[in-house]
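>>> fold the following, please.
(2 chains)
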There are 2 protein chains.
Amino acid sequence: MFESAELGHKIDKAEYDAVEPQLRAQLLDAQFDLLEQKAFAVVVLINGIDGAGKGETVNLLNEWMDPRHIQSWAFDSPTTDEAERPFMWRFWRALPPRGKIGVLFGNWYTDPIRERVERLSKKPELDQHLDEIKRFETMLVREGVLLIKLWFHLSKDGQRKRLKALEKDPRTRWRVTRQDWRYYAQYARYRKVAEHVLRHSSSGEAPWLIVDGSDPRFRALLVGRTLLDAMRKRLDVATRGWTPRQTQAPLPPVLDERNILNSLTLDQPLERDTYDELLEHYQGRLALLTRNPAFRERSLVLVFEGVDAAGKGGAIRRVTAALDARLYHVIPVAAPTEEERAQPYLWRFWRHLPRQGKVAIFDRSWYGRVLVERVEGFCSEADWMRAYSEINDFEDQLAVAGGIVVKFWLQIGKDEQLLRFRAREAEAHKRFKITDDDWRNRERWDDYVRAVCDMVDRTSTETSHWTLVEAENKLFARIKVLQTLCARLETELKNDVSRSGRR
Amino acid sequence: MFESAELGHKIDKAEYDAVEPQLRAQLLDAQFDLLEQKAFAVVVLINGIDGAGKGETVNLLNEWMDPRHIQSWAFDSPTTDEAERPFMWRFWRALPPRGKIGVLFGNWYTDPIRERVERLSKKPELDQHLDEIKRFETMLVREGVLLIKLWFHLSKDGQRKRLKALEKDPRTRWRVTRQDWRYYAQYARYRKVAEHVLRHSSSGEAPWLIVDGSDPRFRALLVGRTLLDAMRKRLDVATRGWTPRQTQAPLPPVLDERNILNSLTLDQPLERDTYDELLEHYQGRLALLTRNPAFRERSLVLVFEGVDAAGKGGAIRRVTAALDARLYHVIPVAAPTEEERAQPYLWRFWRHLPRQGKVAIFDRSWYGRVLVERVEGFCSEADWMRAYSEINDFEDQLAVAGGIVVKFWLQIGKDEQLLRFRAREAEAHKRFKITDDDWRNRERWDDYVRAVCDMVDRTSTETSHWTLVEAENKLFARIKVLQTLCARLETELKNDVSRSGRR
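Below is the predicted model:
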């Protein structure tokens, strides 16, 4: 979930100075168009980790735009006036009217998160609260509010560095209190709770946007551009008539070259000899693990996704080689059949779910919705935006029923892909593996990169996270897949007693 | 919630025989149009109280339509195949493809309700389950499924009569088991759980329809007409392109003259002398109750709605006469101001919520959305359909914060209204009370009756139910209001310790 936000995005001063004035002017324009049209209100939620730039961002927005038409609210402990009314009362009072922007710094998420971090509430209470919040936000969206939810993130390391730097400088030392270090000590728990809250309150209508808070310039541009894009999108349709079916907040703008895929070193060293040894080792472990009596009450769902020619098939064969043939099914996912098209999207995957003690291996999967269908425009933006949470729900249900979901994304570079395409074309018995579709997908390389990054950010969850596999060296890729799979199975089968199966 | 379903609706044989053949033919037509268009699938959920005609209705649907294109499913204890997969797996398998109708007799609601009735699950677990169900149903609707949720209801008395009748007849005696009587003994609990489930899983997109199950002919026509209307509505737009914004299942068709308003005896006897005594008595009690120390931690929200000239103002004055002037506010609700129009609909009511120890009296209220706005077409069908659950959420939040919500609907007949209008016009100092709006509303009398019945059925809840006040005798109406209010306050202040305030 925080993958992209922990890459250490950075914008240098020269670049910032070059784009900031224009962004500012555009934001001001958008603000005045909003004021004139009065077609909708904008609500910006500012949440996240302390020190990730929340306050600075609120100040900046007020500086960039006309502060007379921005209403900024910070909420502290409730006043008696507030405490004697329903929890949401003070937030209702803070809602901006149509034509204005409300920046809510501290809001309806603050208390539920804090209470859970400090163990003042239990998980079902948090979930119930989140459910109420979601209904409230759905109502806001249907009433026409443009809701932008920003989560400012810092990695644990980033958090520590920041506190150390402040302490080192005599002019800022006073800003670091014992409270700050106490929060720092709770970082892991805070992050876990936040992850849970973010994914359960992200919807197609009101998704969260995670802001890498480590670089002030990067986060400033990210927030500014996000706000601008979202306002423009709505302003432009406002005259034509907006329906709540349309997605509200756009996905984060791409500000720098850095992303979770190109941060990988795709060609990882691994020699054939070592490979042979490791292959035997891990296949042996995998064979034992799936024969472990504890596995008889679990099931395994493997998802293989990746760019064309990244070697999914080869990796899958190294997995199946270790499995009893009665134990697994490989489900190759291509265009849906007529029967499948007559059903809700996920139906074609539900039908292949394994029973206990069995393995289902999906060669491509339900992620097609947010990859090929998104990129090729086979479904509407609203459809693939809502798919993220539908997919998370789906995988949650698998986990609750004892399923172990392990997901791999195999990545190779664009040049390497070309070499592999050419090689396949040259070899008669592999020619069937290259189709026009493959060449066409290749043309949309950047769109796919974008889609993959969003997919990982939005569907790498507590219960099932994505493993990115550097796949230019096929040997390395296969071992990484096997190794990851074995490690995951070991953890799951070991923790079996503590598994929180609801039914 | 079950108000309309407990009126003892009945259709006599002659009437049934007169309309049944046509309904049957129309259903068959709709079914074939559906099959041909293949634009969407229909899912009918059959739930409710045993003996209220669930099985009979499933049989009837199969008899009326072409059973080859209806897939009926009954779910018993899960098979091992099912038990080893996620809870929803068997329901996914039962989903009909586009063009077909699936009748799910026993479905995703069955277990959660049963488990809660038998105390195998706690309330937060039920709520979490309902949340999952709602997300699943939202997904279905967005994937284009026409979802019709039918709840078959019988009053406790109706349930008893049915069992007794079966036992009396030697030919049917065998059908009544000890299990049936055991269920009967749990009736109150079952009803309570059902009420909770129905309201928390009713949404604008997928509302529940409650079927009075006491008369076989009435329920057959109600289900048949509902199904027909819903299918026709979708079939007719299918060619023009349907968006999930449109409401799915229509409101229940009106099959007979009987409704919760005309079942009232509007002119109730009460003499002036008795009135004077009772007025003094109840005003005294009310004064004491609002001065009770326990009230200092609660608040009171009164809602007065009713037909024009039913005497809301007079009733309100009899309440306020008993209150300390520093304690209450009367909020007359008319057309929204410009400031209010710039905000989400409920904002104008949130702003007037009382703090602890105070009373807010709404002379007309947030129910305007589902009354005047619905009838006059000031908002879209989707907007007022979603308002029911938004209003329930709103009142829930009030209750959680210690608010006591008491709602009155004052009813007079059409003739009585005319007399009062004429009398007002004749009296110079009351002429301002009659406007063109009043005469116009009067022309839509039947539409308002319809809207009021739906409102009461959908917003009379566990935490705040509607009191219908027979108001042709003003004296009686005022006393009923005061009496109801006092009784409610007494109960609430007495139960104060056990109140389940969450924050």
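
>>> so which residues on the stretch 101-250 of chain A come close to chain B?
Of all the residues in the stretch 101-250 of chain A, those in contact range of chain B (C-beta under 8 Å from any C-beta of the partner chain) are A:124-125, A:127-128, A:131-132, A:135-136, A:139-140, A:142-145, A:243-245. C-beta here means a position set from N, CA and C on the backbone, and glycine is covered the same way.

>>> can you flag the buried ones in those?
A:125, A:127-128, A:131-132, A:135-136, A:139-140, A:142-145, A:244 (16 or more other C-beta atoms under 10 Å in any protein chain shown).

>>> check those residues and tell me the two furthest apart.
When these are compared pair by pair using C-beta to C-beta, the farthest-apart members prove to be A:125 and A:144, with a separation of 30.9 Å.

>>> OK, contacts around the residue lying closest to residue A:94 once chain neighbours are set aside?
Ranked by C-beta to C-beta, 6 or more residues apart in numbering or on different chains and with sequence neighbours excluded, the top spatial neighbour of residue A:94 is residue A:73, at 4.5 Å. If a contact means C-beta atoms under 8 Å, 6 or more residues apart in numbering or on different chains, then residue A:73 has A:94, A:102, A:103, A:104, A:105, A:106 as its contacts.

>>> now do residue A:259
Contact analysis of residue A:259 by C-beta under 8 Å, 6+ apart lists A:4, A:7, A:449, A:453.

>>> mind putting the residues you listed in JSON lines, secondary structure and neighbour count included?
Rendered in JSON lines, the data for the contacts of residue A:259 read as follows (DSSP: H, G, I helix; E, B strand; the rest coil; neighbours: other C-beta atoms under 10 Å in any protein chain shown):
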{"residue": "A:4", "secondary structure": "helix", "neighbour count": "20"}
{"residue": "A:7", "secondary structure": "coil", "neighbour count": "18"}
{"residue": "A:449", "secondary structure": "helix", "neighbour count": "18"}
{"residue": "A:453", "secondary structure": "helix", "neighbour count": "20"}
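
>>> got those as TSV, with distance to chain B and pLDDT columns?
Shown next, in TSV, are the contacts of residue A:259 (distance: C-beta to the nearest C-beta, whole Å; pLDDT from 0 to 100):
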residue	distance to chain B	pLDDT
A:4	25	84
A:7	31	85
A:449	28	93
A:453	25	92
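
>>> for burial, what's the neighbour tally of residue A:252?
Residue A:252 is flanked by 23 other residues according to other C-beta atoms under 10 Å in any protein chain shown.

>>> now it: which helix or strand?
With secondary structure defined by DSSP states H and E, residue A:252 is part of neither a helix nor a strand.

>>> contacts only, for the closest residue to it other than its chain neighbours.
Excluding the flanking residues, the one nearest residue A:252 by C-beta to C-beta, 6+ apart is residue A:209, at 5.5 Å. Residue A:209 sits next to A:148, A:149, A:150, A:151, A:226, A:249, A:251, A:252 when contact means C-beta under 8 Å, 6+ apart.

>>> quick one: which of those residues sit in strands?
A:148, A:149, A:150, A:151 (DSSP state E).

>>> what's the local residue count around the closest residue to residue A:486 other than its chain neighbours?
Beyond its immediate neighbours in the sequence, the residue positioned closest to residue A:486 (C-beta to C-beta, 6+ apart) is residue A:285, lying 4.7 Å away. Residue A:285 is surrounded by 18 other residues when neighbours are defined as other C-beta under 10 Å.

>>> now swap in residue A:43 and tell me
Every residue meeting other C-beta under 10 Å relative to residue A:43 is counted, giving 25.

>>> what pairs with the residue nearest to residue A:94 across the strands?
Applying DSSP bridges to residue A:73 yields these beta-bridge partners: residue A:104.

>>> list, one by one, the residues from the stretch 301-450 of chain A near chain B.
When proximity is defined by C-beta under 8 Å from any C-beta, the stretch 301-450 of chain A lies next to chain B at A:339, A:342-347, A:350-351, A:353-356, A:383, A:386, A:389-390, A:393, A:397-398, A:400-401, A:403.

>>> straight-line length of stretch A:342-354, end to end?
Taking C-alpha to C-alpha, to the nearest Å, the span from the opening residue of stretch A:342-354 to its closing residue is 22 Å.

>>> for the stretch 101-250 of chain A, give me the ranges with low pLDDT.
Applying pLDDT under 70 to the predicted model, the residue ranges of the stretch 101-250 of chain A that meet it are A:238-250.

>>> all helices for it, in order.
Counting by DSSP state H, counting those that start in this stretch, the segments of the stretch 101-250 of chain A that form helices are A:110-117, A:123-142, A:156-168, A:178-185, A:187-201, A:216-238.

>>> so which of these comes closest to residue B:267?
Set against residue B:267 and scored by C-beta to C-beta, the helices of the stretch 101-250 of chain A come closest in helix A:123-142, at 41.0 Å.

>>> now the closest one: how far from the chain's centre is it?
Here the centre of helix A:123-142 is set off from its chain's centre by 20 Å, with C-alpha atoms, centre = their mean, to the nearest Å.

>>> farthest residue from the center of chain A?
Note on chain A: the largest C-alpha distance from the chain mean falls to residue A:428, namely 40.7 Å (C-alpha atoms, centre = their mean).

>>> any idea how far it is from residue A:252?
45 Å (C-beta to C-beta, to the nearest Å).

>>> residue A:276: neighbour count?
Count around residue A:276 with other C-beta under 10 Å applied: 11.

>>> for the helix or strand containing it, packing partners?
Element membership of residue A:276 [criterion: DSSP H and E] is helix A:272-291. Judged by 3 or more C-beta pairs under 8 Å, 6 or more residues apart in numbering or on different chains; DSSP states H and E, helix A:272-291 is in contact with helix A:312-320, helix A:474-494.

>>> for it, C-alpha coordinates in PDB please.
Written as PDB, here are the backbone C-alpha positions of helix A:272-291 (Å, rounded to 0.1, in the frame of the first residue of the first chain):
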ATOM      1  CA  ARG A 272      23.100 -22.100 -13.500                       C
ATOM      2  CA  ASP A 273      24.900 -24.200 -10.900                       C
ATOM      3  CA  THR A 274      23.600 -22.400  -7.900                       C
ATOM      4  CA  TYR A 275      20.200 -22.300  -9.600                       C
ATOM      5  CA  ASP A 276      20.100 -26.100 -10.000                       C
ATOM      6  CA  GLU A 277      20.900 -26.500  -6.300                       C
ATOM      7  CA  LEU A 278      18.400 -23.900  -5.200                       C
ATOM      8  CA  LEU A 279      15.700 -25.200  -7.500                       C
ATOM      9  CA  GLU A 280      16.000 -28.700  -6.000                       C
ATOM     10  CA  HIS A 281      16.000 -27.300  -2.500                       C
ATOM     11  CA  TYR A 282      12.900 -25.200  -2.800                       C
ATOM     12  CA  GLN A 283      11.000 -27.600  -4.900                       C
ATOM     13  CA  GLY A 284      11.700 -30.200  -2.200                       C
ATOM     14  CA  ARG A 285      10.500 -27.800   0.500                       C
ATOM     15  CA  LEU A 286       7.400 -26.900  -1.400                       C
ATOM     16  CA  ALA A 287       6.600 -30.500  -1.900                       C
ATOM     17  CA  LEU A 288       6.800 -31.100   1.800                       C
ATOM     18  CA  LEU A 289       4.900 -28.000   2.700                       C
ATOM     19  CA  THR A 290       1.900 -29.000   0.600                       C
ATOM     20  CA  ARG A 291       2.000 -32.500   2.100                       C
END
